[in-house]
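1. Quick one, what's the 3D model for this:
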Amino acid sequence: MQIIDTTHTTIELRRESHYGSTFYYVVDDNLNHHIRTLTGRKSITDSDMLSLQALGFTFRLRDEPLPSWSA
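-> The predicted structure is shown next:
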């Protein structure tokens with residue numbers, strides 16, 4: 001298991017739509033592994049993003065603007 005470099009607090013996401021629903025996936029394989037271990041899911045939810053934001057992480061959506069989440 002690799003340790004996460006905590007100096008990089010931006011999580012890059014890719015968005016995919018399936019059957020009318022939108023899903024967000026973590027691009028970085030190492031970070032994705034750790035987040036999947038915590039959430040038990042391949043994609044992350046708005047609630048996951050809010051919790052990660054509270055821990056100091058920010059998000060960047062690959063190749064397009066990211067919608068704003070607020071508590």
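2. Longest strand of the protein, counting residues only.
-> Using DSSP state E, we find that the single longest strand of the chain is strand 10-18.
3. Flag every buried residue along whichever helix or strand comes after that strand.
-> Toward the C-terminal end, the helix or strand that comes next after strand 10-18 (DSSP states H and E) is strand 21-26. By neighbour count with 16 or more other C-beta atoms under 10 Å, strand 21-26 contains the buried residues 24, 25, 26. In this view, the C-beta of every residue, glycine as well, is placed from N, C-alpha and C.
4. Out of those residues, which is nearest to residue 47?
-> Using C-beta to C-beta, residue 24 is the member of the buried residues of strand 21-26 that lies nearest residue 47, at 11.7 Å.
5. and for the longest strand of the chain, what are the contacting residues?
-> Strand 10-18 is contacted from outside by 22-28, 31, 44, 52, 57-62, 64, 66, using C-beta atoms under 8 Å, 6 or more residues apart in numbering.
6. Buried ones among those residues?
-> 24, 25, 26, 28, 31, 44, 52, 57, 59.
7. Mind checking what secondary structure the fifth one has?
-> Spelled out, that is residue 31. Recorded secondary structure, residue 31: helix (DSSP: H, G, I helix; E, B strand; the rest coil).
8. Check the gap between it and residue 10 for me.
-> Relative to residue 10, residue 31 is positioned 10 Å away (C-beta to C-beta, to the nearest Å).
9. State the pLDDT value of the residue positioned nearest the centre of the chain.
-> Nearest to the mean C-alpha position of the chain, by C-alpha atoms, centre = their mean, lies residue 26 at 4.7 Å. Residue 26 is assigned a predicted lDDT (pLDDT) of 96.
10. Give me the spatial nearest neighbour of residue 39, chain neighbours excluded.
-> Leaving out its chain neighbours, the residue that sits closest to residue 39 by C-beta to C-beta, 6 or more residues apart in numbering is residue 48, at 5.7 Å.
11. Can you spell out which helices and strands pack onto whichever strand or helix holds residue 37?
-> Element membership for residue 37 (DSSP H and E) is helix 29-39. Where contact means 3 or more C-beta pairs under 8 Å, 6 or more residues apart in numbering; DSSP states H and E, helix 29-39 is packed against strand 21-26, helix 46-54.
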